[in-house]
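Asks: no sequence for this one, just the structure:
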């Protein structure tokens, strides 16, 4: 992932490690969010991935953005 910055210098890549039990997998590219959930019987890579775009009534988009920002504030940046 570090090499992405050398391949595309205009691209900003950030990777964080956090110390909470994961419930959501969040990948955010500009304003588009890709969200999946971890469950008791499956890991995040086995669950459906939902694409969430901002909309005027976008409660999910705003809610996941807030969750992501709070998780990032308390995480350790590794890239």
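Replies: In hand now; what should we look at? On a predicted model such as this, the values are computed, not experimentally measured, just so you know.
Asks: which residue ranges of the chain form strands?
Replies: 16-17, 24-29, 32-37, 50-52, 76-77 (DSSP state E).
Asks: dump these to a markdown table, plus mean pLDDT, distance to residue 6 and mean neighbour count.
Replies: For every residue, glycine as well, the C-beta is placed using N, CA and C. Listed next are these as a markdown table, based on pLDDT from 0 to 100; distance: least, C-beta to C-beta, whole Å; neighbours: other C-beta atoms under 10 Å:
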| stretch | mean pLDDT | distance to residue 6 | mean neighbour count |
| --- | --- | --- | --- |
| strand 16-17 | 86 | 20 | 12 |
| strand 24-29 | 85 | 19 | 13 |
| strand 32-37 | 90 | 24 | 17 |
| strand 50-52 | 93 | 28 | 13 |
| strand 76-77 | 92 | 18 | 9 |
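Asks: now these in a markdown table, with distance to residue 69?
Replies: Converted to a markdown table, the strands of the chain look like this (distance: least, C-beta to C-beta, whole Å):
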| stretch | distance to residue 69 |
| --- | --- |
| strand 16-17 | 11 |
| strand 24-29 | 10 |
| strand 32-37 | 12 |
| strand 50-52 | 15 |
| strand 76-77 | 14 |
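Asks: how about the ones you listed, which one is nearest residue 7?
Replies: Proximity to residue 7 (C-beta to C-beta) singles out strand 24-29 among the strands of the chain, at 16.1 Å.
Asks: which outside residues touch that closest one?
Replies: With contact meaning C-beta atoms under 8 Å, 6 or more residues apart in numbering, strand 24-29 is reached by 33-38, 44-45, 49, 64-65, 67-68, 71.
Asks: returning to that earlier point: can you tell which of the strands of the chain is closest to residue 59?
Replies: strand 50-52 (10.2 Å).
Asks: so, low pLDDT: which residues of this protein?
Replies: For the chain, applying pLDDT under 70 flags the ranges 5, 43-45.
Asks: brilliant, that's me finished.
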